[in-house]
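Visitor: Sharing a model prediction with you, sequence too.
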Amino acid sequence: MRPIIEFCTNNMHFGTDEVMEKLEENPDYDVIEYGCLSNCGQCAMMPFAMVNGEIIDADSADELYEAIMAKIKELEAWDSLELD
């Protein structure tokens, strides 16, 4: 399953725009930017994104990237188990 990674435009001041651009380089990911993801409290406090509908947050944009990649690896592991 292709991961769907969603970003909020209002959260870009945390540096998530750079995370989004880095993820967009991978053609195996669906990266989407929305005007709002309806998580305003979280959006105002820290960098975050949604991976397949699950909120992923971190203290910095770099940590967010690493957390997103870890979540994608976790999802890939589950997908491979389901195929066995």
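Guide: Looks like it arrived, so ask away.

Visitor: now the closest residue to Gln42 other than its chain neighbours: how far from Glu24?
Guide: Excluding the flanking residues, the one nearest Gln42 by Cβ to Cβ, 6 or more residues apart in numbering is Phe48, at 5.3 Å. For the C-beta atoms, the positions are set from N, CA and C on the backbone; glycine is no exception. Phe48 sits 17 Å away from Glu24, going by Cβ to Cβ, to the nearest Å.

Visitor: Quick check: buried residues in stretch 58-78?
Guide: Buried residues in stretch 58-78, counted by 16 or more other Cβ atoms under 10 Å: 58, 61, 64-65, 67-68, 71-72, 75.

Visitor: Kindly report the same for stretch 6-24.
Guide: Those would be 6-8, 10-12, 14, 16, 19-20, 23, for stretch 6-24 by 16+ other Cβ under 10 Å.

Visitor: For the nearest residue to Cys40 once chain neighbours are set aside, which three-state class applies?
Guide: Closest residue to Cys40 apart from its sequence neighbours, by Cβ to Cβ, 6+ apart: Asn10 at 7.8 Å. Here Asn10 is helix, with the state taken from DSSP: H, G, I helix; E, B strand; the rest coil.

Visitor: No more questions from me, cheers.
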